[in-house]
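[1] Provide a 3D model corresponding to the input given below.
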Amino acid sequence: MSLIWAEEAERLFVACDLPREVVRALSRWQLHELEGRDDLRATVSMHLTLAFLGDVRKDKVPHVVEALATVPFAPFALKLDEPVFLPRRGAKKIVALSLSDPGGGLRKLQADVSRVLAQTGLFKPGKRPWLPHVTVARYRHGGQPFALQNVNIPQFGVVRMVLYSSLLERAGAVHTPVASFPAS
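    Predicted structure coming up:
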């Protein structure tokens with residue numbers, strides 16, 4: 001087994017950005033619903049993760065960009081659904097909002113992204129089925145579910161996906177766009 005030093009690798013993931021107005025509405029919901037919860041840290045960077053690659057050697061990042069550029073997709077609509085606590089079993093680590101994907105556009109995009117990234121040899125799809133969601137908070141330590149109001153945000157469109165680099169900092173992860181791929 002070979003180790004990759006941090007200077008030689010980037011921690012990468014592929015995601016769809018949420019429209020600004022959705023992020024603003026989610027931030028207001030977080031303030032209202034999570035107020036006074038010291039056991040949680042609200043998520044600042046909200047997005048829809050399609051694939052988490054982990055550490056990728058910097059010289060391989062162009063191969064990831066080239067692969068993602070081959071994934072065509074049309075804009076599609078989503079709706080935020082009920083709050084969920086993840087993982088499904090055991091102590092919870094994440095508070096998330098599930099997604100309704102009426103046209104199947106998000107599921108198709110995620111499957112296509114997984115397929116092309118797997119072909120590069122730089123990504124191995126997870127064994128568990130992919131669960132479309134937006135993470136809104138993380139437990140500081142394992143926690144349990146609690147009552148939350150549903151989010152009341154209208155349906156919104158997804159018009160691009162982004163390859164992000166993620167740098168873990170004490171205050172949380174810092175996400176930097178590496179490449180952007182608009183819907184066609």
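
[2] For the residue positioned nearest the centre of the chain, give its distance to residue 11.
    With distances taken as CA atoms, centre = their mean, residue 49 lies nearest the centre of the chain, 2.3 Å away. Using CB to CB, to the nearest Å, residue 49 is found at 13 Å from residue 11. Backbone N, C-alpha and C define where each C-beta goes, glycine included.

[3] ok, now residue 118?
    18 Å.

[4] With neighbour numbers in mind, choose between those two.
    Between residue 118 and residue 11, residue 11 has the larger neighbour count (other CB atoms under 10 Å), namely 17 against 14.

[5] still on that earlier bit, shouldn't the residue nearest to the centre of the chain be within a strand?
    Yes. When DSSP: H, G, I helix; E, B strand; the rest coil is applied, residue 49 is found to be in a strand.

[6] Identify the residue nearest it in space, chain neighbours excluded?
    Nearest residue to residue 49 in three dimensions, chain neighbours excluded: residue 15, at 4.9 Å (CB to CB, 6 or more residues apart in numbering).

[7] Could you do residue 73 as well?
    residue 109 (4.9 Å).

[8] That neighbour belongs to a helix?
    Yes. Applying three-state DSSP, one finds residue 109 inside a helix.

[9] Tell me who's in contact with it.
    The neighbours of residue 109, taking CB atoms under 8 Å, 6 or more residues apart in numbering as the test, are 16, 50, 71, 73, 76, 161.

[10] 10 Å - rerun?
    Residue 109 is in contact with 14, 16, 48, 50, 71-74, 76, 101, 158, 161, 183, counting by CB atoms under 10 Å, 6 or more residues apart in numbering.

[11] same thing with residue 70?
    112, 116, 119, 181.

[12] With residue 17 instead?
    Counting by CB under 10 Å, 6+ apart, residue 17 has contacts 23, 45-48, 158-162, 164, 177, 180.

[13] give me every residue that touches residue 96.
    43, 82-86, 131-138.

[14] Report the buried members of those residues.
    Buried subset of the contacts of residue 96 (neighbour count, 16 or more other CB atoms under 10 Å): 43, 83-86, 132-138.

[15] closest to residue 37 among these?
    Lowest distance from residue 37 to the buried ones among the contacts of residue 96 (CB to CB) belongs to residue 137, with 7.8 Å.

[16] Can you name the next helix or strand after the helix or strand containing that closest one?
    Per DSSP states H and E: residue 137 is located in strand 133-143. Downstream of strand 133-143, the next assigned helix or strand under DSSP H and E is strand 156-158.
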